[in-house]
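1. prediction below, plus the sequence it came from.
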Amino acid sequence: MRSCYQTLRRLQLVCSLALFCAAPALAGEQLVSTAKYPSGEVIPYILDSEGDAPRYVVLLFPGGSGVMDPRLQDGRLVYGFRGNFLIRARRYLVDREFASVATNTTTSEERVQALLDDIGRRFPQAKVYVMGTSNGTYATMRLAEYLSGRVAGVIHTSSLNAISQFDSRQYKNRQLIVSHVDDVCRATRFSASKDAAERYGTDFIAMQGGISVGEYCEAFSHHGYNGIERETMEKIKDWIRKGG
């Protein structure tokens, strides 16, 4: 039994690595260094776009520590969390209508405002949404009041269990919760997201299917929408479009 379990774990790790390597870098990804604190300190981010005038820009907050630290190294763009759901699946988000901005997850209002200001200068006609996943939803919930009149909406995917007490009715903008029916990570249970939707009437997308590989709370399990990245992003985009 032990040898069978070890063999299974090795296969899971191989599958995870294969899936990670199979996710190509976006051709349009660009390191941007024009967002700055009032002190002049740069807040680097990765911009992915297919046009000069997207209708929507989605600011992405990955899970885990959320520290991507995008930078050029030997002339090559490098950054962390490539396997994170939002970061690897953003290629299904970006098109002529949608652009994405990926950066370190933060709860700093000053940092977020600097990013919003820079996005606004670059794409003055675009509606901005903020989307976090897993541990990144700590930031989306924590910043919800600040963002209420500043962005078109906030999207919480694979949310921390605190989402069950998150009353979206108090905010001026749109709010969406996304969860996988089979997400059994103890910190992000499907039942908590469903409770919030039922209790407060928050818009809710329940995903099913895909392939769960590795630990329950990691990016290639159902928690990270492994195998249904495109479908998940398409449903999120449909919801965004309904907001005009």
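-> Noted; the coordinates are in hand.
2. from here on, just use CA atoms for contacts and neighbour counts.
-> Noted.
3. and stretch 63-71, what's buried?
-> Under the neighbour-count criterion of 16 or more other Cα atoms under 10 Å, stretch 63-71 has G63, G64, G66, V67, M68, D69, P70, R71 buried.
4. what of stretch 40-50?
-> Using 16+ other Cα under 10 Å as the test for burial, stretch 40-50 gives I43, P44, Y45, I46, L47, D48, S49.
5. sorry, back to before: out of the buried residues of stretch 63-71, the closest to K235 would be?
-> G63 (20.2 Å; Cα to Cα).
6. in three-state terms, label that closest one for me.
-> coil (DSSP: H, G, I helix; E, B strand; the rest coil).
7. quick one: pLDDT of it?
-> Note on G63: pLDDT of 95.
8. from T103, how far off is it?
-> Per Cα to Cα, to the nearest Å, G63 is found 11 Å from T103.
9. the helices in the chain, which residues?
-> Counting by DSSP state H, one finds helices in the chain at the ranges 2-22, 85-89, 109-122, 136-142, 144-147, 190-200, 229-242.
10. what is the least confident helix or strand in this protein?
-> helix 2-22 (a mean of 37; mean pLDDT, DSSP states H and E).
11. circling back to that earlier point, so can I have CSV of the buried residues of stretch 63-71 showing distance to P54?
-> CSV is the format used below for the buried residues of stretch 63-71 (distance: Cα to Cα, whole Å):
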residue, distance to P54
G63, 25
G64, 29
G66, 25
V67, 26
M68, 24
D69, 25
P70, 22
R71, 24
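12. got the contact list for S49?
-> Residues near S49 by Cα atoms under 8 Å, 6 or more residues apart in numbering: G28, E29, V94, D95, R96, F98, A99, S100.
13. meant to ask about G64
-> By Cα under 8 Å, 6+ apart, the contact set of G64 is S134, N135, G136.
14. who wins for most neighbours among the residues you listed?
-> Highest neighbour count within these: S134, with 30 neighbours (other Cα atoms under 10 Å).
15. correct me, but that residue touches S159?
-> Yes: counting by Cα atoms under 8 Å, S134 touches S159, with 5.1 Å between them.
16. find residues that contact each of those two.
-> Residues within reach of S134 and of S159 at once, by Cα under 8 Å, 6+ apart, are T188.
17. which of the helices of the chain comes out lowest on mean pLDDT?
-> Lowest mean pLDDT within the helices of the chain: helix 2-22, at a mean of 37.
18. from D118, how far off is the nearest residue to A162 once chain neighbours are set aside?
-> Spatial nearest neighbour of A162, excluding adjacent residues (Cα to Cα, 6 or more residues apart in numbering): A192 at 7.5 Å. To D118, A192 is 34 Å away according to Cα to Cα.
19. who's more crowded, the two?
-> More neighbours surround A192 than the other of A192 and D118, with 20 against 17 (other Cα under 10 Å).
20. my read: the more buried one touches N161, true?
-> Yes: judged on Cα under 8 Å, A192 makes contact with N161 at a distance of 5.3 Å.
21. so for I155, which of the helices of the chain sits nearest?
-> Nearest of the helices of the chain (Cα to Cα): helix 136-142, 7.6 Å.
22. list the buried residues in that closest one.
-> G136, T137, Y138, A139, T140, M141.
23. TSV for these, including distance to V58?
-> Formatted as TSV, the buried residues of helix 136-142 follow (distance: Cα to Cα, whole Å):
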residue	distance to V58
G136	14
T137	14
Y138	17
A139	15
T140	13
M141	16
